[in-house]
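In: Build the 3D model from these lines:
(one chain, ligands or ions: 1)
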Amino acid sequence: MSLRFALVGCGRIAKRHAELLGHRQVAGAELVSVCDVVEEKARRTAGPFGVPHYTDLHAMAACEHIDVFVVLTESGSHARDVLALAPYGRHIVVEKPMALTLDDADEMIRSCDAHGIKLFVVKQNRFNVPVVKLREALEAGRFGKLVLGTVRVRWCRTQQYYDQDNWRGTWALDGGVLANQASHHVDLLEWMMGDVESVFAKGMTALARIEAEDTAVVLLSFRSGALGVIEATTAARPRDLEGSISLLGERGTVEIGGFAVNEMRTWQFANALPGDGEVMGRYSVNPPNVYGFGHLAYYEHVVECITSDRRQLVDGLEGRKSLELISAIYESIETGREVPLRFKPRLCRLGQISARGETR
Ligand SMILES: NC(=O)c1ccc[n+]([C@@H]2O[C@H](COP(=O)([O-])OP(=O)(O)OC[C@H]3O[C@@H](n4cnc5c(N)ncnc54)[C@H](O)[C@@H]3O)[C@@H](O)[C@H]2O)c1
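Out: Predicted coordinates for the structure are as follows:
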């Protein structure tokens, strides 16, 4: 028996989800229906897979037998849609970032818990094969004391990209490069380096005409005493250059690059183990686009967690953790000060209604 998945939101990323589920590439999962408020988008997404399409998520929930909803709407609408769906008592997968405010994230976690369902936040880069290999080395203690962790996102998003939908780059529904494109990398850095003690950041809107930042740099102090750096931009021209992470410890260094944290660049440990020599050859595959290969492994994990009732790697609490870090970074950009974690956002504009009047 396959788990029956339904998509809510049929935009750009829905294509990836629909292809994986609709072509039965994920063992134990199938696509049963899709929904978008724009009927043409719903019809186009449903078409190749011969599944019904809807323009209202409640109508879809009422008519179809669904085990898992997949929320692929604009980032600032995730909370609204998850809260609307949770009472149906079906598990929910939500694209990153899970929400734009910590209050929304808290409500989503509370509601999913109250309805006894699992909430999965899509962080597919955690499942990239070189990233899994790095995590294994970290868990085996091969780095010794961690010294420095760095992530870099140097991607190209032109004005045309931002102009294709009016939510992109707005404070109310998206945020800038930190909340959108780099949210994967911020998540990876914190997952690898551990809890963050404080952040100091600067951001600017360098090339795109959007409300939020297209370029930012961040210094981090981790509770372990290690330091970190985030460099994030969508103003790389003329094309995507890099999505990378490096970890430096007293006994080893690992660097994963490529566009989408998918290509092992350095694998060096003071105490070499059998198999170390093959790592560079086996884990250096750059994917054809920045989304990477991770969505397939991510869905396999979703199926495993539901069928075996296991805890999800990125549940609501874990998704909230990186949202808290991103909010602290925005707070630092607004205040010009170092921001300690935990903190209560005061000036962070992410998720707030803007002067341009976008509503949530
Ligand atoms: N994991 C990744 O690598 C990755 C990559 C791209 C996008 N994303 C995330 O996916 C989300 C969507 O991004 P996108 O680029 O596909 O956006 P998009 O604007 O192309 O698609 C969003 C779709 O949701 C629809 N929608 C809005 N409200 C709806 C509702 N109530 N019911 C049904 N449909 C509704 C819109 O009409 C639109 O078609 C964002 O949160 C983004 O951050 C993640």
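
In: Next, the residue of the stretch 1-150 of the chain found nearest the ligand: secondary structure please.
Out: The minimum distance from the stretch 1-150 of the chain to the ligand, using CB to the nearest ligand atom, falls at Gly11 (1.8 Å). Where you see a C-beta, it was placed from the backbone N, CA and C, and this is true even at glycine. Under DSSP: H, G, I helix; E, B strand; the rest coil, the three-state class of Gly11 is coil.

In: quick one: low-confidence parts of the stretch 201-350 of the chain?
Out: Filtered on pLDDT under 70, the stretch 201-350 of the chain yields the residue ranges 286-293.

In: now the strands: where do they sit in the protein?
Out: Per DSSP state E, the chain carries strands over the ranges 3-8, 29-35, 53-54, 68-71, 91-94, 119-121, 146-154, 196-204, 215-222, 227-233, 242-249, 252-257, 263-269, 339-340.

In: Tell me which of those sits most buried.
Out: Across the strands of the chain, averaging neighbours per residue (mean count of other CB atoms under 10 Å) puts strand 119-121 on top, at a mean of 27.

In: for the helix ranked longest in the chain, the distance to its chain's centre please.
Out: Longest helix in the chain by number of residues (criterion: DSSP state H): helix 316-335. Its chain's C-alpha centre and that of helix 316-335 lie 13 Å apart, by CA atoms, centre = their mean, to the nearest Å.

In: Show me which residues of the chain sit near the ligand.
Out: Residues of the chain lying near the ligand by CB under 6 Å from any ligand atom: 8-14, 35-38, 41, 57, 72-75, 77, 81, 95-96, 122, 124, 165, 180, 291.

In: Number of residues surrounding Lys344?
Out: Neighbourhood size, Lys344 [other CB atoms under 10 Å]: 8.

In: So for Leu323, which of the strands of the chain sits nearest?
Out: Taking CB to CB, strand 119-121 is the member of these nearest to Leu323, at 9.2 Å.

In: Quick one: list the elements packing against that closest one.
Out: Helices and strands touching strand 119-121, as assessed by 3 or more CB pairs under 8 Å, 6 or more residues apart in numbering; DSSP states H and E, comprise strand 91-94, helix 102-114, helix 316-335.

In: Give the pairing partners of the first one; include direction for each.
Out: It stands for strand 91-94. Sheet pairing of strand 91-94 (DSSP bridges) gives strand 68-71 (parallel), strand 119-121 (parallel).

In: returning to that earlier point: in ChimeraX, select just the buried ones from the residues of the chain next to the ligand.
Out: Of the residues of the chain next to the ligand, the buried ones go into a single ChimeraX selection, burial set by 16 or more other CB atoms under 10 Å:
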select :8,9,10,11,13,14,35,36,41,57,72,73,74,75,77,81,95,96,122,124,180,291
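
In: can you list the helices and strands packed on strand 119-121 in TSV and add distance to Ile353?
Out: Below are these laid out as TSV (distance: least, CB to CB, whole Å):
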stretch	distance to Ile353
strand 91-94	21
helix 102-114	13
helix 316-335	15
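
In: Need the winner for burial among the ones you listed.
Out: Stretch with highest mean neighbour count among the helices and strands packed on strand 119-121: strand 91-94 (a mean of 25; mean count of other CB under 10 Å).

In: Now do it: everything it contacts.
Out: When contacts are defined by CB atoms under 8 Å, 6 or more residues apart in numbering, strand 91-94 is touched by residues 5, 67-71, 78, 81-82, 85-86, 108, 112, 117-122, 302, 306, 319.

In: unless I'm mixing things up, Ile333 is touching Ala201, no?
Out: Yes - here Ile333 lies in contact with Ala201, judged by CB atoms under 8 Å, at a distance of 5.0 Å.

In: what sits against the closest residue to Arg342 other than its chain neighbours?
Out: Nearest residue to Arg342, sequence neighbours excluded (CB to CB, 6 or more residues apart in numbering): Glu324, at 7.0 Å. Contacts for Glu324 (CB under 8 Å, 6+ apart) come out as 102, 341-342.

In: what's the distance between Glu324 and Gly28?
Out: 33 Å (CB to CB, to the nearest Å).

In: next one: Ser75
Out: Separation of Ser75 from Gly28 (CB to CB): 28 Å.
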